[in-house]
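J.: mind looking at a prediction? Sequence and model below.
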Amino acid sequence: MWYCNTAPETQAKISKSIIHPFSVRGYEGLTINPYQGCQHRCGYCYATYEWSPEFYDKVYAKINSPDILEKELKSWKREYIDPVMISSATDAYQPAELKYGLTRKCIQVLQKYGVPYCVFTKSIIIERDLDLHSSYSDNCCIAWSITTCNEKVRRVIEPGTPPADRIFDVIKKFVDRGVRCVVNINPVVPLVTDSPEEIDTIVEKSQRANVQYAFAAVMRLRQDIWERIKTVLEILGVPDGVELYSQIFGFVEPISANYVPADRKYSKQVLEMIEQKMSNAGIAFEFPEMPSRQITRQLGDGVMKQTCLTDY
């Protein structure tokens, strides 16, 4: 069940691997997900596939993930390694992290081997690891997923997340410590979070936090996501929401495609608006460059040797 105020059950599990290739919209890299399932209950979540029917109600902690990660990096066959995304299919700093601490341990392993990484989160729990990330600021970034600053909307569309004001308070602390931070307006939800007023609020708060980078993407639809968004439109009382969505996305129910993108004209208009507003605020509409790095190797005497960090 998506729209629910109860906390999910957490359960430990053993994972066979942790580093996986990741590809989205032309970008290719690596990702690790120390958890499966997520407590944030975002109605637009892309990770709620059929293979994870309990995504909102059961969170699995991959308790051996730091050990597996160490093993995989020790046996890394290539001279260099691409930046690692933490996480592509859940939030690595959801409440389960307070109990298991797997994300912190995995990041310590990544740092040990000189691996560049970018954390994607909308959690304030990451503040616990401010010292850890700031000590590695030249080789990492934090991408903060901000969907809305409207509390009425947030409580409906992503009821398990903290208020945007609290997130921006934490962002400011990371920026002040020299960590590269990205405000990632992703997804933009048509008819819900796409108004100039909604975007203006995010831009103003980003500017106040001295954020240097921003990015955005319009929501894509799958049948399961569409069922949840219909509920969102109904709860928020969006006039003619279902009819307008069929025009914006050009679909006929049931949605048979894996993903249905929004109309190009609509997406172009929204993204250009966001880019212009961010540019006017002195915020670059892009992700900071995260090049591949040569991996730190371990010598026979157990001493770690940092090779030259040559960009590829």
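T.: Perfect, thanks for sending it.

J.: quick check: closest non-adjacent residue to A281.
T.: Q207 (4.4 Å; CB to CB, 6 or more residues apart in numbering). (C-beta placed from N, C-alpha, C; glycine too.)

J.: how about Q223?
T.: Take Q223 and drop its neighbours on the chain: the residue closest to it by CB to CB, 6+ apart is I255, 4.3 Å away.

J.: now stretch 191-206: buried residues?
T.: Buried residues in stretch 191-206, counted by 16 or more other CB atoms under 10 Å: L191, V192, T193, D194, E198, I199, T201, I202, V203, K205, S206.

J.: give me the subset of the residues you listed lying in helices.
T.: When DSSP state H defines the helices, the subset of these inside them is E198, I199, T201, I202, V203, K205, S206.

J.: name the helices or strands packed onto the helix or strand encompassing P66?
T.: Counting by DSSP states H and E, the element that carries P66 is helix 65-74. Secondary-structure packing of helix 65-74 (3 or more CB pairs under 8 Å, 6 or more residues apart in numbering; DSSP states H and E): helix 102-112.

J.: from the rest of the structure, what touches the helix it packs on?
T.: 18, 32, 34-35, 61-63, 65-66, 69-70, 73, 84, 86, 92-93, 97, 117, 119, 128-129, 132-133, 136, 139, 296, 304 (CB atoms under 8 Å, 6 or more residues apart in numbering).

J.: report all helices and strands that the host helix or strand of R154 contacts.
T.: If you go by DSSP H and E, R154 is part of helix 151-157. In terms of contacts (3+ CB pairs under 8 Å, 6+ apart), helix 151-157 is packed against helix 223-236.

J.: alpha carbons of the helix it packs on, as CSV, please.
T.: Extracted C-alpha coordinates of helix 223-236, given in CSV (Å, rounded to 0.1, in the frame of the first residue of the first chain):
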residue,chain,number,x,y,z
GLN,A,223,0.8,2.1,-15.2
ASP,A,224,1.6,1.6,-11.5
ILE,A,225,2.9,5.2,-11.2
TRP,A,226,-0.2,6.5,-13.0
GLU,A,227,-2.5,4.7,-10.6
ARG,A,228,-0.8,6.5,-7.7
ILE,A,229,-0.7,9.8,-9.4
LYS,A,230,-4.5,9.6,-10.1
THR,A,231,-4.9,9.3,-6.3
VAL,A,232,-2.7,12.4,-5.8
LEU,A,233,-4.7,14.4,-8.3
GLU,A,234,-7.9,13.4,-6.6
ILE,A,235,-6.7,14.2,-3.1
LEU,A,236,-5.3,17.6,-4.2
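
J.: and E243, helix, strand or coil?
T.: Here E243 is recorded as helix under DSSP: H, G, I helix; E, B strand; the rest coil.

J.: quick one: it and C149, what's the gap?
T.: For E243, the distance to C149 equals 27 Å [CB to CB, to the nearest Å].

J.: so for these two, which sits in the more crowded spot?
T.: Neighbour count, other CB atoms under 10 Å: between E243 and C149, C149 has more, with 21 against 9.

J.: I'd say that one and A164 touch.
T.: Yes - using CB atoms under 8 Å, C149 is in contact with A164, at 4.2 Å.

J.: joint contacts of the two?
T.: Contacts common to C149 and A164, judged by CB under 8 Å, 6+ apart, are I202, K205.

J.: any weak-confidence spans in the stretch 151-300 of the chain?
T.: For the stretch 151-300 of the chain, the stretches with pLDDT under 70 are 298-300.

J.: all helices for this protein, in order.
T.: 65-74, 96-100, 102-112, 130-134, 151-157, 164-176, 196-208, 223-236, 241-249, 264-280.

J.: in the second one, which residues are buried?
T.: By 16+ other CB under 10 Å, the buried positions in helix 96-100 come out as A96, E97, Y100.

J.: what's the pLDDT at S87?
T.: With respect to pLDDT, S87 scores 87.

J.: do S23 as well
T.: On pLDDT, S23 comes in at 78.

J.: repeat for the one 3 residues further on
T.: For G26, the model assigns a pLDDT of 66.

J.: next, count neighbours for the closest residue to P254 other than its chain neighbours.
T.: The shortest distance from P254 to any non-neighbouring residue, by CB to CB, 6+ apart, is to Q223 (5.4 Å). Per other CB under 10 Å, the neighbour tally for Q223 reads 14.

J.: mind checking how far Q223 is from Y245?
T.: Look at Q223 and Y245: by CB to CB, they are 13 Å apart.

J.: and for the residue lying closest to R78 once chain neighbours are set aside, the neighbour number?
T.: Leaving aside its chain neighbours, R78 sits nearest to I295 (7.7 Å; criterion: CB to CB, 6+ apart). When neighbours are counted by other CB under 10 Å, I295 registers 17.

J.: so what's I295 up against?
T.: So I295 contacts L73, W76, R78, E79, Y80, I81, Y113, G114, V115, T307 (CB under 8 Å, 6+ apart).

J.: 10 Å instead, please
T.: Residues in contact with I295 (CB atoms under 10 Å, 6 or more residues apart in numbering) are L73, K74, W76, R78, E79, Y80, I81, Y113, G114, V115, Q306, T307.
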